[in-house]
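Peer 1: sharing a model prediction with you, sequence too.
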Amino acid sequence: MGKEIVSKGTSVCSHGGVHSVDPKLVKVDCSSSVNPLGTPKKAIATIQRNAKSLAQLYPDPESCELKKSLSRYLGIDQEWIIVGSGAIEIIYWFARMFAKSRVVIPAPTFCEYELASHKAGAGVTLVPLHDFELSADEIIEKAKGADAVFLCNPNNPTGMLATKQTRKIIESVDSSTKILLDECFIELVDTPDANSMIGRIREFDNLVILRSLTKSFGLAGLRVGYSVCNPALGNKLSAFKIPWNVNGFAQAAGVAALADKKHMPRARTIVRKERKYLHDSILKLKSFRPSRSDANYFLVRLQSRNSAQFRNELLRKTGVLVRDCSTFSGMGSQHVRIAVKARKENLRLLKALESFDG
């Protein structure tokens, strides 16, 4: 890391998940970093119990009940919350509204920031990480005169928190530059409240904090994301919102999921324990070098292997899918990302990796 990275403005942003390959081959998906407990039982039961009415009725276009639940969950007034069809929809709203000329994005990070900015017609300045560490000073310098800055904490795909650096950037960048801070994975780190900026959101009129029920509550298929920001900024952000953007099943499941107070604490306990177990176990292998992580996923460096080829061979021979990271700007072709799952799935992953060791 550290060399200049050129933003190519590609039209495709590759992701993990079973549909990134032949779904019939996937027996264990370690490429998608969602809550290892999956979806709360209360959310599934709510959908099953109300399926008929949810299917035939138009959903609330303002997602009022979901906003009320999010307001209680976060301790934030409803007026500060905007709900989208997944966090991805809000990323594109943000880029379309604020990415006019030039944006600044650390690299590697989530590819949709770059793609959304290019689609909005903005030039992209990529600032390389140094040994996967974020340099606040470099971002602040490059952000001078920029329309927007995209930040991700913990970062995807590295899994590393950069809370101190992130806060310095937010505090230092000119208020005319809008900042999107992606905290979609922060609820699965060990101490989310200590690392989130939501408690300080009222201090910054240019800050949009992005969250997702996809990662934290296992609602990937239903698409529920939200942002927290100043209401005046939120009105601009939601200018491109279409009617009924969040379907009724997603709204009902989101309300039920947020009511389950035990789901997230249990998930964090599992992630903390299993992340260490996986990391330490992989460290004993000759052909793989795991990186440090604070999240529910981490990078693994491959010794003398191409990441795309390895992903395909591992899947074909073992049915285990990992995330090829060569599609992240600035990553190269020697890393894969693996999700921290429950012990049974993690054992399956370790057995698969061991079959390729040596």
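Peer 2: Great, that's in hand. What you see is a predicted model; the values in this text were computed from it and never measured.
Peer 1: CA only for contacts and neighbour counts going forward, please
Peer 2: Will do.
Peer 1: what segments of the stretch 251-358 of the chain are strands?
Peer 2: Here the stretch 251-358 of the chain has its strands, by DSSP state E, counting those that start in this stretch, at 288-290, 297-302, 320-321, 323-324, 335-339.
Peer 1: closest one to Cys184 among those?
Peer 2: The stretch from those with the least distance to Cys184 (CA to CA) is strand 297-302; that distance is 12.8 Å.
Peer 1: chain neighbours aside, what residue packs nearest to Val246?
Peer 2: Ser85 (5.1 Å; CA to CA, 6 or more residues apart in numbering).
Peer 1: pretty sure that neighbour sits against Val224.
Peer 2: Yes. Taking CA atoms under 8 Å as the definition, Ser85 is a contact partner of Val224 at 5.1 Å.
Peer 1: quick one: common contacting residues for those two?
Peer 2: Residues touching both Ser85 and Val224 by CA atoms under 8 Å, 6 or more residues apart in numbering: Val246.
Peer 1: higher neighbour count, those two?
Peer 2: Shown here are Ser85 and Val224; by other CA atoms under 10 Å, Val224 has more neighbours (29 against 20).
Peer 1: tell me the contacts of that one?
Peer 2: Here Val224 is in contact with Val83, Gly84, Ser85, Gly86, Ala87, Ser212, Leu213, Thr214, Val246, Ala250, Gln251, Gly254 (CA under 8 Å, 6+ apart).
Peer 1: list just the nearest of those to Lys284.
Peer 2: Nearest to Lys284 among these: Thr214, at 32.3 Å, using CA to CA.
Peer 1: what is the neighbour count of that closest one?
Peer 2: By the criterion of other CA under 10 Å, Thr214 has 24 neighbours.
Peer 1: Pro61 looks like it's in a helix, true?
Peer 2: No. Assessed with DSSP: H, G, I helix; E, B strand; the rest coil, Pro61 is coil; it does not lie in a helix.
Peer 1: residues touching the residue lying closest to Gly145 once chain neighbours are set aside, list them.
Peer 2: Spatially, and ignoring its direct neighbours in sequence, Gly145 is nearest to Thr177 (7.6 Å; CA to CA, 6+ apart). Listed by CA under 8 Å, 6+ apart, the contact set of Thr177 reads Ala143, Gly145, Ala146, Asp147, Ala148, Val149, Asn206.
Peer 1: residue contacts, the fourth one?
Peer 2: What it means is Asp147. Phe98, Ala99, Lys100, Ser101, Arg102, Val103, Ser176, Thr177, Lys178.
Peer 1: is it true that the fourth one touches Ala146?
Peer 2: Yes. With contacts defined as CA under 8 Å, Ser101 counts as touching Ala146 at a distance of 7.4 Å.
Peer 1: point out where this structure drops to low pLDDT.
Peer 2: 1-4, 6, 8-12 (pLDDT under 70).
Peer 1: can you state the direction angle for the longest helix along it and strand 297-302?
Peer 2: The single longest helix within the chain, with elements called by DSSP state H, is helix 263-283. Inter-element angle recorded for helix 263-283 and strand 297-302: 10 degrees (by axes from the mean of the first three to the mean of the last three CA atoms, to 10 degrees).
Peer 1: using CSV, list the CA coordinates for helix 263-283.
Peer 2: C-alpha atoms of helix 263-283 as CSV (Å, rounded to 0.1, in the frame of the first residue of the first chain):
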residue,chain,number,x,y,z
HIS,A,263,-29.4,-10.3,19.2
MET,A,264,-26.6,-7.8,18.8
PRO,A,265,-24.9,-8.5,22.2
ARG,A,266,-24.9,-12.3,21.5
ALA,A,267,-23.5,-11.7,18.0
ARG,A,268,-20.7,-9.5,19.3
THR,A,269,-19.7,-12.2,21.7
ILE,A,270,-19.6,-14.8,19.0
VAL,A,271,-17.6,-12.5,16.6
ARG,A,272,-15.0,-11.7,19.3
LYS,A,273,-14.5,-15.3,20.2
GLU,A,274,-14.6,-16.7,16.6
ARG,A,275,-12.5,-14.0,15.1
LYS,A,276,-9.6,-14.8,17.4
TYR,A,277,-10.1,-18.6,16.9
LEU,A,278,-10.1,-18.2,13.1
HIS,A,279,-7.2,-15.8,13.0
ASP,A,280,-5.0,-17.9,15.3
SER,A,281,-5.9,-21.1,13.5
ILE,A,282,-5.1,-19.6,10.0
LEU,A,283,-1.8,-18.2,11.4
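Peer 1: run through who's touching it.
Peer 2: Contact with helix 263-283 is made by 35-37, 40, 187-190, 216-217, 288-291, 295-297, 340-343, 346, 350, as judged by CA under 8 Å, 6+ apart.
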